[in-house]
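Peer 1: I would like to see how this sequence folds:
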Amino acid sequence: MSKPKSEIIPCQPGNPDDGSAHHTCACEFVPSRKRPREIYMRFDGRRVAKRGHSLTIGHAAWLPLIEGYDVVDEAPERIAVFFGGERLH
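Peer 2: A predicted model of the protein is given here:
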């Protein structure tokens, strides 16, 4: 059985003033953006969060896959990535 393909869409570029321009950020849609079964946030090439339903807040949210990372929807089409409380993107 072959591994499903995915579609990776880069996030908006980071801000050079706060250092976030030195990181890469992308949304990964498995298998595609048109019919996603899973959506991941990739940061510096690693899956750090998965889109899912949070039981604590009662609606869709980014669920961390790596301890210390937090991904937050700030506005439509705008996502923030934090590590240890420090904003990275």
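
Peer 1: please enumerate the strands of the protein.
Peer 2: 7-10, 25-30, 38-43, 46-53, 60-64, 69-75, 78-83, 86-87 (DSSP state E).

Peer 1: other SSEs contacting the first one?
Peer 2: Right, the one you point to is strand 7-10. On a contact count with 3 or more C-beta pairs under 8 Å, 6 or more residues apart in numbering; DSSP states H and E, strand 7-10 meets strand 25-30. Just so you know, the C-beta spots here come from the backbone N, C-alpha and C atoms, and that holds for glycine as well.

Peer 1: hmm, who's touching the strand it packs on?
Peer 2: 4-11, 14, 36-43, 47, 79, 81, 89 (C-beta atoms under 8 Å, 6 or more residues apart in numbering).

Peer 1: still on that earlier bit, ranking the strands of the chain by burial, who's on top?
Peer 2: Scoring the strands of the chain by mean neighbour count under mean count of other C-beta atoms under 10 Å gives strand 38-43 as the most buried, with a mean of 20.

Peer 1: so what strands line up beside it?
Peer 2: strand 25-30 (antiparallel), strand 46-53 (antiparallel) (DSSP bridges).
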